[in-house]
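Enquirer: Quick one: sequence and predicted model below, then my questions.
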Amino acid sequence: MDMDSASSVVLQALTQATSQDTAVLKPAEEQLRQWETQPGFYSVLLNIFNNHMLDVNVRWLAVLYFKNGIDRYWRRVAPHALSEEEKTSLRAGLITNFNEPVNQIATQIAVLIAKVARLDCPRQWPELIPILLESVKGQDGLQQHRALLTFYHVTKTLASKRLAQDRRLFQDLASGIYSFACSLWSHHTDCFLQQIYARDEAAALSSLERTLLSLKEIKLYLTLFSYPPFQGFLNAVFERLKQFLECCRQVGPESTCREKLEKTIILYTKVLLDFLEYHPCAFIPLIQRSLEFAVSYVFTPSGEGVTFERFIVQCMNLIKMIVKNDAYKPAKNIDDSKPESLEAHKIKTAFFTHPTLTEIGRRLVSHYFLLTEEELAMWEEDPESFAVEETGGDSWKYSLRPCTEVLFLDIFHNYSQTLTPVLLDMVQNLQGPTNVEDPVQLLMKDAVYNAVGLAAYELFDNVDFDQWFKNQLLGELQVSHHRYKLIRRRVIWLIGQWISVKFKSDLRPLLYEVILSLMQDPDLNVVEMNLILNSSPPVDDFEFRTEQFLPYLESIFGLLFQLLQQVTECDTKMQVLHVISCVIERVNIQIRPYVGCLVQYLPLLWKQSEEHNMLRCAILTTLIHLVQGLGAESKNLYPFLLPVIQLSTDVSQPPHVYLLEDGLELWLVTLENSPAITPELLRIFQNMSALLELSSENLRTCFQIVNAYIYLSATEFLQNYAESLCRSFCDLLKDITNEGQVQVLKVVEIALKVSPILGAHMFQPLLPAVFRGIVDGERYPVVMSTYLGIMGRVLLQNSSFFSSLLTQMASECSQEMDQLLGSVIEMWVDRMDNITQPERRKLSSLALLSLLPSDNSVIQDKFCGIINICVEALHDVMTEDPETGTFKDCMLMSHFEEPKLSDDEEPPTEQDKRKKLLALEDPVHSVSLQQFVYEKLKAQQALMGDQGFGVLMETVDTELVRQLQEFLQGL
């Protein structure tokens, strides 16, 4: 097919692909997709989007298809790659003219040329940069603009390449065209200034666009390389900035140039900020001028009438970055400091004189901290949105209020000696209640209190906050006039800032009473009360005392619950839930009488928050604390709780990405506090095998959940899930760290402890590896200790299973059973020091003693080692009774006692109680090692006779025999 007919067919398909009718659109898209790999397709697209007579939408689509094709088929190694001949033709066609009339299409063409340049320039496309430079120098306005736009995108793309060779190529390119870019910028800037003062706005706007593009171009070079010539350009930036700011007086808000003018001013400040960030040492000669410039426009009358909010933010960020920059701070030991750091520090010290700092500090607080009319109106109309907007992440980089607060903090931190008296003087001037008819004074007090709250840590030694609270702030909280609520809100916030810094615990009850009365005050919006509490709630700090809070618990918890229902913003609900969680965590079981309403409301809130995963995370955290507070009573929550756990821990459900970690924590505490297993609770475990496959950072919690199920109901759990669990464990052990291996083996050990018969049967596939690990002398001590703990349980509590395992392993190793048993005992004795836990050491001695009495020659041959282990274990567990002088086993437990708790201790969970009851049946805690040794030796003596037993005892070291007799005296 010739080019003309191909063009008409493709043009028709593109026209159909712009249709709103899916019946026309879909077949056309499919047809175009099939043509993507056909030779000549991209040449046709090039002809179509270069034809300015065609429909704009069709041309736009042709550009997009071409651009996507570069990503897929331009590289030589790509499947269906374009031929070199076609690529050569396309490259030539892309730069034949720069006269695209439509801005959006021109930008897309510039981007696609840059994509090709990234792959081909300069080797396969050496002519690109010279042609662009030539076109930029041309007299035609449109052609010059389009070439400059393309030049910028090409440079930006080449600058993003990271290989050293590519960086060198770009550096060569940059050094060659940097001076040209500067002259271009200077020329267009001069043109703009002449045209704007001549009131030729159309021409001025065109020049301003070119200024912006050439400035963007230079900014790319500045961030990458700190050439000396840049100093001249950067010094010129300050002059140009002043000229452009003066233009703001000339160009009113309604002017067509105003938006672009402000954009250019901001770009100038970005040039300075980026150069400072990437080349702090090269910026040192500019520190003085930068500070003079920024401070004069932001903190003196010079800026009046010309500055605008975004520019002020940029200037403040410039001051902040200079003040805070680590490269400009000398080392603690001056001799260790770099010369550049000392020079920068000297410049800063000379600039930030006492009068300058005083003026900056006062102006920040008395001018920039004042709430504006818009903010006050927003606070009245929508306090939730106002509070949410006040905070957040990197907002200081873009928003004025957070920016001023961050700058204040940084300057106060670095120059606190100078600024502390200034701030305290401002506080002193505002002592006593303020006239409610004087809005200026009210706003000033709000601003000063804001500053004192932000600088709480810096003012620790200079403010007696307890006295200030009693003598001044408490009185302000009791001023009931509706105009004073601004100050009441700020005072509570201020207390929240100081409470973890300096606030006597004796004053807590007074504070709780104030909070309670405020929360019941209809004039102070309850929403605002929440925002106040959340700065640093008085229940969430180190000095909190439960007994002081309990008299107010019912009232405050009830009001918090009302608040949770009233607020509508997602963030606010999360904040209230955080305070509720803190309260529940602090008072623990004493919350039980008051949570009925919350328990009824949370299912509704969960349903409403289906689209808000972060709110659901907050609900999960609240549920965790709620279950811990309710203990066994949490079973009443199961109809709501278990489906929540099911959803949060199901990796096939999208929300698990957000909810998994908290969901697992909730699952664990639910099991720990469950009084008995239920079919629904058992069924959730179906989620576990997929979780174990993930092998994520949550694996430890997963193992804790498995253990909790075993403690809760070993028989039902193991019968239902041991087989799948065993498969998961076998897969995990193939590729896991030593620590992970120990976690897996601990599950098996707990199963054997809780149910020796069923546990051994269910985890049978894992036990040969444990046996082999012991015989081979596992090198990692903690793993070896766990192996011996598992084998000790099997040998002591399921001897028939041990015999069958020994038979199986002897067959596998082609050894005699007795010979293999001898190897196990020998390794056990040799590696006893790997076992550090007293329980496991006692278990090992009980297990090996259980082999006696025996007439087996191998066991008798290892008798000395067995006695050695027993004496070591006796030393571990026997304590001497000072009254009788006799020894007793300190690990013995005879009955279950509810522990007596102090106020600070948490009550035992249901799982803690289950572990205690289990311990009463565990041989480690129910069998006296002293008695067991005695009985086994007696039995061995009876079996062998006195003479034979005497010969056997002679194999034991005399000192060991003496110690053994000392332990066994009186039996």
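Expert: Received it, and whenever you're ready, just let me know what you need. Numbers count the residues shown, from 1 in each chain.
Enquirer: Show me the shaky parts of the stretch 651-800 of the chain.
Expert: 695 (pLDDT under 70).
Enquirer: Revised request: answer the last question for the stretch 501-650 of the chain.
Expert: Using pLDDT under 70, the stretch 501-650 of the chain drops low at 521-543.
Enquirer: Spell out, range by range, the helices that occur in it.
Expert: 508-519, 526-533, 546-566, 570-587, 596-608, 613-630, 638-648 (DSSP state H, counting those that start in this stretch).
Enquirer: Which helix or which strand is home to the residue positioned nearest the centre of the chain?
Expert: For the chain, the residue nearest the mean C-alpha position is Y658 (11.7 Å; Cα atoms, centre = their mean). Y658 is part of helix 656-672, with elements assigned from DSSP states H and E.
Enquirer: Out of the helices of the stretch 501-650 of the chain, the one nearest R240 is which?
Expert: Proximity to R240 (Cβ to Cβ) singles out helix 570-587 among the helices of the stretch 501-650 of the chain, at 41.7 Å. Heads up, the C-betas are built off the backbone N, CA and C, glycines and all.
Enquirer: ok now the closest one, how far from the chain's centre?
Expert: 20 Å (Cα atoms, centre = their mean, to the nearest Å).
Enquirer: before we move on, what about stretch 139-156?
Expert: Worked out by Cα atoms, centre = their mean, stretch 139-156 lies 42 Å from the chain centre.
Enquirer: Any buried residues in it, and which?
Expert: For stretch 139-156, the neighbour count (16 or more other Cβ atoms under 10 Å) marks 143-156 as buried.
Enquirer: how does this structure divide into domains?
Expert: 1-160, 713-836, 870-968 (the TED database).
Enquirer: wait, which of those domains is closest to L205?
Expert: Where the domains of the chain are weighed against each other on Cβ to Cβ, the nearest is domain 1-160, at 11.3 Å.
Enquirer: thinking again about what came up before, the spatially closest residue to the residue nearest to the centre of the chain that is not a sequence neighbour: how many residues sit nearby?
Expert: Distances taken as Cβ to Cβ, 6 or more residues apart in numbering place N613 nearest to Y658, at 3.7 Å, with adjacent residues excluded. Neighbours of N613 under the rule other Cβ atoms under 10 Å: 14.
Enquirer: Touching, N613 and L660? I think so.
Expert: No. N613 is not in contact with L660 according to Cβ atoms under 8 Å; the separation is 10.8 Å.
Enquirer: I'd like the helices of the stretch 501-650 of the chain laid out as a markdown table, including distance to N435.
Expert: Converted to a markdown table, the helices of the stretch 501-650 of the chain look like this (distance: least, Cβ to Cβ, whole Å):
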| stretch | distance to N435 |
| --- | --- |
| helix 508-519 | 22 |
| helix 526-533 | 22 |
| helix 546-566 | 31 |
| helix 570-587 | 32 |
| helix 596-608 | 42 |
| helix 613-630 | 42 |
| helix 638-648 | 53 |
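Enquirer: Tell me, how many residues neighbour L163?
Expert: Neighbours around L163, by other Cβ under 10 Å: 8.
Enquirer: Quick check, pLDDT for K270.
Expert: Looking at K270, its pLDDT stands at 94.
Enquirer: now do the one 10 residues further on
Expert: For P280, the pLDDT comes out at 91.
Enquirer: For T909, see how far away it is.
Expert: P280 is 54 Å from T909, where distance means Cβ to Cβ, to the nearest Å.
Enquirer: so what's D957 up against?
Expert: C864, N868 (Cβ atoms under 8 Å, 6 or more residues apart in numbering).
Enquirer: Look up phi and psi at it.
Expert: Backbone geometry at D957, expressed as degrees, to the nearest 10, gives phi -60, psi 140.
Enquirer: Read off the pLDDT value for it.
Expert: Looking at D957, the pLDDT reads 91.
Enquirer: With V877 instead?
Expert: pLDDT at V877 comes out at 89.
Enquirer: Do I have it right that it meets V871?
Expert: No. Counting by Cβ under 8 Å, V877 does not reach V871; the two are 11.4 Å apart.
Enquirer: Is T879 within a helix or a strand, and which one?
Expert: Residue-wise, T879 maps onto strand 878-880 under DSSP H and E.
Enquirer: who touches the helix or strand just after that strand?
Expert: Next in sequence after strand 878-880, counting helices and strands by DSSP H and E, comes strand 887-889. By Cβ under 8 Å, 6+ apart, the residues outside strand 887-889 that reach it are L874, V877, M878, T879, E880, D881, S928, L929, Q930, F967.
Enquirer: on that earlier part again, nearest to D55, of the buried residues of stretch 139-156?
Expert: R146 (20.4 Å).
Enquirer: separation between the closest one and W60?
Expert: For R146, the distance to W60 - Cβ to Cβ - is 16 Å.
Enquirer: name the helices or strands packed onto the helix holding Y658?
Expert: If you count contacts as 3 or more Cβ pairs under 8 Å, 6 or more residues apart in numbering; DSSP states H and E, helix 656-672 packs onto helix 613-630, helix 638-648, helix 699-734, helix 910-921.
Enquirer: Just name the most buried of these.
Expert: For the helices and strands packed on helix 656-672, average neighbour numbers computed from mean count of other Cβ atoms under 10 Å are highest in helix 613-630, which has a mean of 22.
Enquirer: and that helix, how far out from the chain's middle?
Expert: 19 Å.
Enquirer: so what's the spatially closest residue to Q653 that is not a sequence neighbour up against?
Expert: The spatially closest residue to Q653, leaving aside those adjacent along the chain, is L647, at 5.9 Å (Cβ to Cβ, 6+ apart). Going by Cβ under 8 Å, 6+ apart, L647 touches Q653, P655, H656, L659, G663.
Enquirer: Filter the residues you listed down to just the buried residues.
Expert: Buried among those (16+ other Cβ under 10 Å): H656, L659, G663.
Enquirer: Show the pLDDT at D172.
Expert: 72.
Enquirer: Just give me the neighbour total for it.
Expert: Residues near D172, counting by other Cβ under 10 Å, number 11.
Enquirer: What are the contacting residues of stretch 245-265?
Expert: 193, 196-197, 201-202, 204-205, 208-209, 211-212, 215, 241, 244, 297, 305-308, 310-311.
Enquirer: Recalculate using a threshold of 10 Å.
Expert: 189, 192-193, 195-197, 199, 201-202, 204-205, 207-209, 211-212, 215, 240-241, 244, 268, 297, 302-303, 305-311, 314 (Cβ atoms under 10 Å, 6 or more residues apart in numbering).
Enquirer: Show me where the stretch 101-250 of the chain has its strands.
Expert: In the stretch 101-250 of the chain, no segments count as strands under DSSP state E, counting those that start in this stretch.
Enquirer: Report the residue spans of it with pLDDT below the cut-off.
Expert: 224-229.
Enquirer: again, 50 this time
Expert: Across the stretch 101-250 of the chain, nothing is flagged by pLDDT under 50.
Enquirer: Overlap of the contact sets of V877 and V871?
Expert: Residues touching both V877 and V871 (Cβ under 10 Å, 6+ apart) are S845.
Enquirer: And the residue nearest to the centre of the chain, how far from R616?
Expert: From Y658 to R616 the distance is 7 Å (Cβ to Cβ).
Enquirer: Show me the common contact partners of those two, please.
Expert: S648.
Enquirer: isn't A618 right up against H578?
Expert: Yes. Using Cβ atoms under 10 Å, A618 is in contact with H578, at 6.7 Å.
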